[in-house]
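Colleague: Quick one, what's the 3D model for this:
(chains A and B, ligands or ions: 1)
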Amino acid sequence: MDFQPDPGLESFRQEVRQFLQTKVPADLKGLQRCTRSPREQIMRWQKILDAQGWGAPYWAKEHGGTGWSVPQILVFDDECTAAGAPTQDGFVQKMLGPVLNAFATPEQKAEHMPAIFSGERLWCQGFSEPGAGSDLASLRTRAELVKSGDGDHYVVNGQKIWTSYAHHADWIFLLVRTNPEVKKQAGISFLLVDMKSPGVTVRPIRSIDDAHHLNETFFDNVRVPVKNLIGAEGAGWGITKFLLNNEHATTADLPELNRYMRELRQFATKLRAGGERLIDRPEFALKLARLDAELQAIGMLVQRVAKLDQEHNPASHVLGSMLKIRATELQQRITETQIEALGDYGAVCYPHPHEPASDQAYPLQDLARGIANDMFLRRASTIYGGTSEVQRGIIAKMQFQL
Amino acid sequence: MDFNLNSEQQLLQDSVRRYVGKAYSLEARTALVKGGKGGSNATWGSFAENGWLMAALPEEYGGLGGNLIDTAIIAQELGRGLVLDPYLGCAVLAAQTMVAGGTAAQKERLLPQLADGSKRIALAYSEPESRGMPGPVSLRAEKQGDGYVLQGRKSLVLGAVGADAFIVSAQVTGAKDITLLLVDANSTGLKRQALPLHDGTWVEELNFDGVQVGGDAVLAGGSAALKAGLAHGIVALCAELIGTMEKTIEITAEYLKTRQQFGVPIGTFQALQHRIADMAAEMEVARSMLHVALASVENDDEANRQKTLSEAKMLICRAAKFVCGQGIQLHGGIGMTEEYVIGHYFKRAIVADLLLGSSDRHEAACAAALQAELRA
Ligand SMILES: Cc1cc2nc3c(=O)[nH]c(=O)nc-3n(C[C@H](O)[C@H](O)[C@H](O)COP(=O)(O)OP(=O)(O)OC[C@H]3O[C@@H](n4cnc5c(N)ncnc54)[C@H](O)[C@@H]3O)c2cc1C
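Modeller: Next comes the predicted model:
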């Protein structure tokens, strides 16, 4: 063991910070909270990152990424969040990208990578279905191979649900059933589909955080060229497991957790109750202290999981599930504490941060807007990316063979 | 002690439940949320016709002479249906503060109108720094002639939208106790801003800039009357949350039986069986705490009652946040949608926690009471 900080890390942090100070246009700063930034912002931001050579901050050098170490990546994410930079397209950076790097053919890479780097193609994830959530392998969206003169293609029919940002996406990575005869995991394939294909319909679902990011996505005789199949037909389940393992580790959202804590500290000195600053009230100070300690530990757990993952150590999956459970619960507790810190005003439904403010300013608006939206959205973090109950099952099974 | 409802109480519960079941379907509620600023005149009219607004008011002033248990029974049913109308703000907080602290003339004039629903008043006592507790009060009232001039601000007044008047807590210069004043909603110098809350109800932010009232606006009671009104309010809010938890658990249990994953109803997973058992146990502990609070209001002296009410507020609000949060969790993705009802129960639990003093503030009050008791 050795807990000496990486000697180059501080200068790296300064480099990132300076880049963010000078290169993020003012109109792109400070809008997003934990939901994704609006489409135009993500696209503009991606171009700026790409121009800097940082178009794929999480990928290895050989795939055109920055080749940053885990601590560097964490610093980068943290500084971006702290600076209020727009979010990236997480679906492509953290989920699809690694899949393409590992499984795509050179032709597929040639088609998709340039658009990913330039930010001209945003993606969404089409896994869940109304009848297939935790039991993803029971999915029913069908893809039938049709041989024809103008190129073999799949015909896709079915419905996906909870498709985050489908209404902002240009393409979707989709799980489909190509063979209903075999064991359910073995009949699943991984397809890339252009959202503009005839027969694709997106219908909005409004969520309790007062926003539209969720959708239902319908496929009605959608033609998908066979060249858009990733890996072999029927190999979709293995690819999905690879992808979901990446997802578990990133759902900790450490930069967001850090941001929540910075905000909470700010509330502690700015807001008052009963004639005192919040931080001078013992009940608040104790709460803050507990959350602060837990965040320290979670921060270190993130580093441990990432390191194991980098070394392809299978223990990273169990630890990743533990991290997912505990970090998402911490997200819920810190955001609830934020709401409580706002006092009465925590109950007010401020205009959504992505929508224009109302004509008449709400009291405490500068501090409080968006806080509740995050808190309500965080109820989903113990659901998406594999529910906490399912994660617990994974831990019991993988670590203890139960 | 008798934990069963007597026949009259049972009748009351049945009638509110029947009405809420009909008038507050999710579709009807959604339409009310979209169309107005919390509830509607039509539903308020039904509340009045059914006698719920007068249930806990004294008979001599047009009430039915019922007590806090009646209020709790009504509130619990309203909680099951996520009713938006300002029962808590107008029929409980303001009305009971008036009962406890109004002058004979004020009560004679106002209470019959509150009882029959022809007038509404709201209680404006919270401020940004008092956060739902009765003090500290920084709104100033300066003596002018036999009346007062008001300067200051009240935050998040429950039931203010559509109210005809407010009971306002104020600090008169030089006075020891706070003063309660009746202020007309259309007074010159009173600026009102309506704000929506997460649960679909609305409140108002009030700014008093030189608002003048006459000497007859002063209530007879001060902070003691305000505390009495708040005691009723806290019990009503706690009872409402019991209803909210009950309904959350019923809906979730039903879902566990119907939702299939891995070829079986998800209710066959022991993890979820244990969770819903915990939710039910949490609710029954909370219900028992409500009974403690009701018993305390009937039997205890003022100091003990305040501590018990604070204990009830924090324990029941925390239970409601847990139970309703787990309601979402056990539903998975569907629990996150605005169009499905379960998330709205959680929203109500979140809002309720912040109203009338947050769990944290009441916990601190309990701690202070215990310190005083044990150090003595
Ligand atoms: C905000 C949000 C964004 C999302 N974004 C996307 C997206 O972009 N693309 C996409 O494909 N999907 C997305 N999802 C879907 C998400 O992955 C699913 O919601 C999740 O997998 C759970 O499935 P479900 O909603 O069908 O719940 P269910 O699987 O029906 O679960 C209901 C309850 O049963 C429990 N349960 C289920 N199985 C077991 C078991 N074996 N043991 C114990 N308990 C169990 C669950 O833990 C849960 O409490 C998103 C979801 C949300 C809420």
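
Colleague: In terms of pLDDT, where does the closest residue to B:Arg259 other than its chain neighbours sit?
Modeller: Spatial nearest neighbour of B:Arg259, excluding adjacent residues (C-beta to C-beta, 6 or more residues apart in numbering or on different chains): B:Ile266 at 5.0 Å. Just so you know, the C-beta spots here come from the backbone N, C-alpha and C atoms, and that holds for glycine as well. pLDDT for B:Ile266: 98.

Colleague: Quick check: can you list the domain ranges of the chain?
Modeller: Just going to use chain A. A:9-88, A:123-234, A:253-401 (automatic domain parsing).

Colleague: was after chain B, sorry
Modeller: Listed domain ranges for chain B are B:7-119, B:122-217, B:223-375 (source: automatic domain parsing).

Colleague: re earlier: number of residues surrounding the residue nearest to B:Arg259?
Modeller: If you count neighbours by other C-beta atoms under 10 Å in any protein chain shown, B:Ile266 ends up with 23.

Colleague: Is it correct that it is in contact with B:Gln260?
Modeller: Yes - taking contacts as C-beta atoms under 8 Å, B:Ile266 lies within contact range of B:Gln260: 7.2 Å.

Colleague: Which residue ranges of the stretch 151-300 of chain B form strands?
Modeller: B:165-172, B:179-184, B:190-196, B:202-213, B:260-261, B:264-265 (DSSP state E, counting those that start in this stretch).

Colleague: List the contacts of the closest residue to B:Glu59 other than its chain neighbours.
Modeller: In this structure, B:Glu59 finds its nearest non-sequential neighbour in B:Gly65, 4.0 Å apart by C-beta to C-beta, 6+ apart. By C-beta atoms under 8 Å, 6 or more residues apart in numbering or on different chains, the contact list for B:Gly65 reads B:57-59.

Colleague: Over to A:Val348?
Modeller: A:Val348 sits next to A:362-364, A:368, A:372, B:156, B:195-198, B:203 when contact means C-beta under 8 Å, 6+ apart.

Colleague: got those residues as JSON lines, with neighbour count, pLDDT and distance to the ligand columns?
Modeller: Formatted as JSON lines, the contacts of A:Val348 follow (neighbours: other C-beta atoms under 10 Å in any protein chain shown; pLDDT from 0 to 100; distance: C-beta to the nearest ligand atom, whole Å):
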{"residue": "A:Tyr362", "neighbour count": "19", "pLDDT": "93", "distance to the ligand": "26"}
{"residue": "A:Pro363", "neighbour count": "17", "pLDDT": "93", "distance to the ligand": "30"}
{"residue": "A:Leu364", "neighbour count": "20", "pLDDT": "94", "distance to the ligand": "27"}
{"residue": "A:Ala368", "neighbour count": "21", "pLDDT": "94", "distance to the ligand": "22"}
{"residue": "A:Ala372", "neighbour count": "28", "pLDDT": "97", "distance to the ligand": "16"}
{"residue": "B:Leu156", "neighbour count": "25", "pLDDT": "96", "distance to the ligand": "29"}
{"residue": "B:Leu195", "neighbour count": "24", "pLDDT": "96", "distance to the ligand": "27"}
{"residue": "B:Pro196", "neighbour count": "19", "pLDDT": "95", "distance to the ligand": "23"}
{"residue": "B:Leu197", "neighbour count": "24", "pLDDT": "97", "distance to the ligand": "23"}
{"residue": "B:His198", "neighbour count": "25", "pLDDT": "97", "distance to the ligand": "17"}
{"residue": "B:Val203", "neighbour count": "28", "pLDDT": "97", "distance to the ligand": "29"}
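
Colleague: Can you pick out the most distant pair from the residues you listed?
Modeller: A:Pro363 and B:His198 (15.7 Å; C-beta to C-beta).

Colleague: Please report how far B:Thr97 lies from B:Arg259.
Modeller: 46 Å (C-beta to C-beta, to the nearest Å).

Colleague: How about A:Val182?
Modeller: In terms of C-beta to C-beta, A:Val182 sits 26 Å off from B:Arg259.

Colleague: So which residues of the stretch 51-200 of chain A form strands?
Modeller: In the stretch 51-200 of chain A, the segments counted as strands under DSSP E, counting those that start in this stretch are A:123-126, A:142-146, A:153-161, A:171-177, A:188-194, A:200-207.

Colleague: meant to ask about the stretch 201-350 of chain A, not that
Modeller: Per DSSP E, counting those that start in this stretch, the stretch 201-350 of chain A carries strands over the ranges A:211-225, A:229-230, A:272-273, A:276-277.

Colleague: So which of those strands is nearest chain B?
Modeller: Among those, strand A:272-273 comes nearest to chain B, with 5.1 Å by C-beta to the nearest C-beta.

Colleague: Sheet partners, orientation included, of that closest one?
Modeller: Under the criterion DSSP bridges, strand A:272-273 sits next to strand A:276-277 (antiparallel) in its sheet.

Colleague: now the partner strand, how far from the chain's geometric center?
Modeller: Its chain's C-alpha centre and that of strand A:276-277 lie 37 Å apart, by C-alpha atoms, centre = their mean, to the nearest Å.

Colleague: Let me have the domains of chain A in JSON lines, extended by distance to B:Gly79.
Modeller: Shown next, in JSON lines, are the domains of chain A (distance: least, C-beta to C-beta, whole Å):
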{"stretch": "domain A:9-88", "distance to B:Gly79": "30"}
{"stretch": "domain A:123-234", "distance to B:Gly79": "18"}
{"stretch": "domain A:253-401", "distance to B:Gly79": "16"}
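
Colleague: any idea of the pLDDT on the residue lying closest to B:Pro58 once chain neighbours are set aside?
Modeller: Nearest non-adjacent residue to B:Pro58, counting by C-beta to C-beta, 6+ apart: B:Gly65, 6.0 Å away. The per-residue pLDDT reported for B:Gly65 equals 95.
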